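S.K.: when you get a sec, could you give me coordinates for this:
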Amino acid sequence: MMRAALPVASALLVAACSMPRPGSVGPSLPSDPEDRSMRLEELHDRVRAPGLDDRRFTAEQWWSIVEPSLGGAVTSEEIGRSAEGRPLRLLRFGTGGTTVLLWSQMHGDESTASMALADLIRWFDEDAETDPVLGEIARGASVYMIPILNPDGAARFQRRNAQGVDVNRDARRLQTPEGRALEATVTRLDPDFGFNLHDQDPAIRVGRSDRQAAIALLAPAFNEARDVDDKRLRAMQVSSLLVEAMTPLVGDHIAKYDDAFNPRAFGDLVGAWGASTILIESGGWADDPQKQHLRRTNFVGLVTALHAIANRRWGDYDAAVYDSLPFNGRRLPDLLVAGGTLALPGMPALRGDLLIDYDRPLLREGGRISDVGDLEGVAAQDTLDATGLYLIPFGDALDERGALQVGRPARFLLTEDSAGTRVRLRFDGSPRGR
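M.R.: Numbering: from 1, shown residues only. Okay, the predicted model is just below:
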């Protein structure tokens, strides 16, 4: 049942009276964020599940890695089948009175948290009898996980399921088997807390800054008015906890996701159905194309959050910390090729910059032309200085008449001469020969 809403200002005033205090996450974890992060990073090094160094994997591969950790402290049950018949499984750890549900990879190409959940499961299995932190989690909470909600999308490493539907926009109609499985699980468990785990575009900045958003957090609105009732306030407090836990790993690269209510989205409706729901979006981090650093960041954040929830200490955190985060800002294009002379067959040469976006930005692969011309002053994540060089497009960068087309694959040579004989770089969807 939905609780009575509180005005936002009143809720934040209540929260501001409960700033984090020493020991707020429980006696068995250090209260100092830096010390706690160091301890949990060392833990992650020890329990990190092998075989997930590449973020592209199938559900079958993921389960083969996790299977040895199931059957003891972590139990498993099937809760449905995907559109193509792949099993959807729910895992459980702990027997405590606070119910927590985490679901990941409802978008098949958003796998960072799924890797971190594999690490959590290995820790749950190996240290359940010996680690006091795990003992507190198990006694205080019942932790449920749907690690890969969209296995058909994972098989193709695509956002949507095999029916072409975005599962995260199916919470209202419940037409997909994956969406129905999640809704039925939420109805059965009636969780106190929900963690909706995603990846976002790595090109998004923090607010108006040039800082890449490594993590974006959201305590979703449960209605159009974006009211803050007691359950949403708890989600905001847990989000503030996550800011504290993740800052030692990513600094001020944390943003807030757009909080407009979406009646089709699961995060929003799970909140409307009664859970304190927290969205974690993993963005990008420098020189981390496989998102292994953000995998670790998720692990540290989730352990800290589960421990505080099990100890019922979310109220020790100030919701205003979360509320003061800057929203996700602009998206920077991936690559600007600046200062070159554009030479097309049978046409006059001109000074022309080229803007490129990648289909697979973390790997810098699948580049497509997004703009051509005078792009001086345009900001991009990377800039390739082509001053003094000729830029000669080739292949399917050109249409059948030899014209350069925005939206086509980025294929070009950077050469020292207009004839294209002295090649400095070949760009064939990604840079070669630099």
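
S.K.: low-confidence ranges in the stretch 251-400 of the chain?
M.R.: Low-confidence regions of the stretch 251-400 of the chain, defined by pLDDT under 70, are absent; no residue qualifies.

S.K.: do a quick rundown of the helices in this protein.
M.R.: Using DSSP state H, the helices of the chain run over 8-16, 33-47, 59-66, 112-127, 132-140, 151-156, 177-189, 230-250, 266-272, 292-310, 319-323.

S.K.: for the third one, what is the distance to the chain centroid?
M.R.: In this view, helix 59-66 has its centroid 20 Å away from the chain centroid, taken as C-alpha atoms, centre = their mean, to the nearest Å.

S.K.: report the buried residues of it.
M.R.: 59, 62, 63, 65, 66 (16 or more other C-beta atoms under 10 Å). (C-beta placed from N, C-alpha, C; glycine too.)

S.K.: tabulate those (CSV), appending distance to residue 321.
M.R.: Formatted as CSV, the buried residues of helix 59-66 follow (distance: C-beta to C-beta, whole Å):
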residue, distance to residue 321
59, 36
62, 33
63, 37
65, 35
66, 34
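
S.K.: turn these into CSV, including distance to residue 277 and pLDDT.
M.R.: Listed next are those as CSV, based on distance: C-beta to C-beta, whole Å; pLDDT from 0 to 100:
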residue, distance to residue 277, pLDDT
59, 24, 98
62, 24, 98
63, 26, 98
65, 28, 98
66, 25, 98
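
S.K.: before we move on, the earlier item: make a markdown table from the helices of the chain and add distance to residue 368 to it.
M.R.: Below are the helices of the chain laid out as a markdown table (distance: least, C-beta to C-beta, whole Å):
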| stretch | distance to residue 368 |
| --- | --- |
| helix 8-16 | 41 |
| helix 33-47 | 36 |
| helix 59-66 | 29 |
| helix 112-127 | 24 |
| helix 132-140 | 45 |
| helix 151-156 | 19 |
| helix 177-189 | 30 |
| helix 230-250 | 29 |
| helix 266-272 | 30 |
| helix 292-310 | 25 |
| helix 319-323 | 36 |
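
S.K.: closest to residue 416 out of these?
M.R.: helix 292-310 (38.7 Å; C-beta to C-beta).

S.K.: if we can go back for a sec, residue 342: which of the helices of the chain is closest?
M.R.: Across those, closest to residue 342 is helix 151-156 (C-beta to C-beta), at 35.8 Å.

S.K.: and the closest one, which residues are buried?
M.R.: 151, 152, 153, 154, 155.

S.K.: of the residues you listed, which is the nearest to residue 175?
M.R.: Nearest to residue 175 among those, with distances taken as C-beta to C-beta, is residue 152, at 14.5 Å.

S.K.: spatially nearest residue to the closest one, not counting backbone neighbours?
M.R.: residue 162 (3.8 Å; C-beta to C-beta, 6 or more residues apart in numbering).

S.K.: what is the nearest of the buried residues of helix 59-66 to residue 204?
M.R.: residue 62 (26.2 Å).

S.K.: next, the contact list for the closest one, please.
M.R.: The contact partners of residue 62, by C-beta atoms under 8 Å, 6 or more residues apart in numbering, come to 52, 114, 118, 147, 148, 154.

S.K.: again with residue 391
M.R.: Applying C-beta under 8 Å, 6+ apart, the residues near residue 391 are 337, 340, 341, 342, 343, 352, 354, 412, 413, 414.

S.K.: can you tell me how far the closest residue to it other than its chain neighbours is from residue 303?
M.R.: Leaving aside its sequence neighbours, residue 391 sits nearest to residue 340 (C-beta to C-beta, 6+ apart; 3.9 Å). From residue 340 across to residue 303, the span is 49 Å (C-beta to C-beta, to the nearest Å).

S.K.: who has more neighbours, the two?
M.R.: Between residue 340 and residue 303, counted using other C-beta atoms under 10 Å, residue 303 has the larger neighbour count: 25 against 22.

S.K.: just to revisit the earlier point, any chance of the contacts of residue 62 in a markdown table, plus pLDDT?
M.R.: Formatted as a markdown table, the contacts of residue 62 follow (pLDDT from 0 to 100):
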| residue | pLDDT |
| --- | --- |
| 52 | 98 |
| 114 | 98 |
| 118 | 98 |
| 147 | 98 |
| 148 | 98 |
| 154 | 98 |
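
S.K.: and residue 167, how far is that from residue 146?
M.R.: 11 Å.

S.K.: circling back: closest one of the buried residues of helix 151-156 to residue 30?
M.R.: When the buried residues of helix 151-156 are compared for distance to residue 30 (C-beta to C-beta), residue 154 wins out at 35.9 Å.
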